[in-house]
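Q: sequence and predicted structure below; questions after.
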Amino acid sequence: FQELDLSKEAFFFNDTPKEEEWFKAVTESLHPGAKYAKGNKGGVAIRFQFHNSTVCVVNAHLAAHPEEYERRNQEVRDICARMQFHPLEPGCPLLAIKEHDVVLWLGDLNYRLEEQDMERVKKLIQTQDFQALHQHDQVPKEFSQSCSCALGAGQRRLLGISCRATAASKLPA
């Protein structure tokens, strides 16, 4: 993935000789027993250690539409329940997303600003009143109340949140 295909075929015909090579490289690196998302929703993640902190970066595409926040929450819980990492030290148990010090979520998460008039939002942005916008942001509310296991251990400690497993977050075997 270190080189881009900038040929005219890739731009004009959506056809690149690299596509098959990239597809093969990705599919051969996937764990054969893993369950992957259906359709175009799901997530991928990487983990690394930075000094004394473990960091997990999750890129996800979650359900759209403002009223679908419960579905988004379930998708976050599903990603958290299914995603496990092999530790660097042999013989140690697999690591879950919640076991990292810091977890960064990126991508098309589709969470919204709740109950806000578009003109009011534009005015708050124009006046750089981001604190007022943050009060209506679904992400911190949903992640701290419904999806606390999507946060890292260090983040939960800072917010005073315990990571609770719920029946909704448990997946069938």
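A: Arrived safely, thanks for sending.

Q: and the next helix or strand past the longest helix seen in the chain?
A: The single longest helix within the chain, with elements called by DSSP state H, is helix 69-82. Next helix or strand after helix 69-82 toward the C-terminus (DSSP states H and E): strand 84-85.

Q: could I get the contacting residues of V102?
A: Contact analysis of V102 by C-beta atoms under 8 Å, 6 or more residues apart in numbering lists S53, T54, V55, C56, G152, G154, Q155. C-beta here means a position set from N, CA and C on the backbone, and glycine is covered the same way.

Q: could you dump the residues you listed to CSV with pLDDT and secondary structure?
A: Shown next, in CSV, are the contacts of V102 (pLDDT from 0 to 100; DSSP: H, G, I helix; E, B strand; the rest coil):
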residue, pLDDT, secondary structure
S53, 89, strand
T54, 88, strand
V55, 91, strand
C56, 91, strand
G152, 81, coil
G154, 73, helix
Q155, 77, helix
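
Q: pull the CA atoms of the longest helix of the chain into CSV?
A: C-alpha atoms of helix 69-82 as CSV (Å, rounded to 0.1, in the frame of the first residue of the first chain):
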residue,chain,number,x,y,z
TYR,A,69,-28.1,5.9,17.4
GLU,A,70,-29.1,2.6,19.1
ARG,A,71,-28.1,0.6,16.1
ARG,A,72,-24.8,2.5,16.0
ASN,A,73,-24.3,1.8,19.7
GLN,A,74,-24.8,-1.9,19.0
GLU,A,75,-22.4,-1.9,16.1
VAL,A,76,-19.8,-0.3,18.4
ARG,A,77,-20.4,-3.0,21.0
ASP,A,78,-20.2,-5.7,18.3
ILE,A,79,-16.9,-4.3,17.1
CYS,A,80,-15.5,-4.2,20.6
ALA,A,81,-16.7,-7.7,21.4
ARG,A,82,-15.3,-9.3,18.2
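
Q: distance of the nearest residue to D108 once chain neighbours are set aside relative to Q74?
A: With C-beta to C-beta, 6 or more residues apart in numbering as the criterion, D108 has its nearest non-adjacent residue at 4.7 Å, and that residue is H61. Relative to Q74, H61 is positioned 14 Å away (C-beta to C-beta, to the nearest Å).

Q: could you do E119 as well?
A: For E119, the distance to Q74 equals 32 Å [C-beta to C-beta].

Q: low-confidence ranges in this structure?
A: In the predicted model, the chain carries pLDDT under 70 at residues 1-18, 22, 26-40, 158-173.

Q: and R82, how many neighbours?
A: Burial of R82 is recorded as 16 neighbouring residues (other C-beta atoms under 10 Å).
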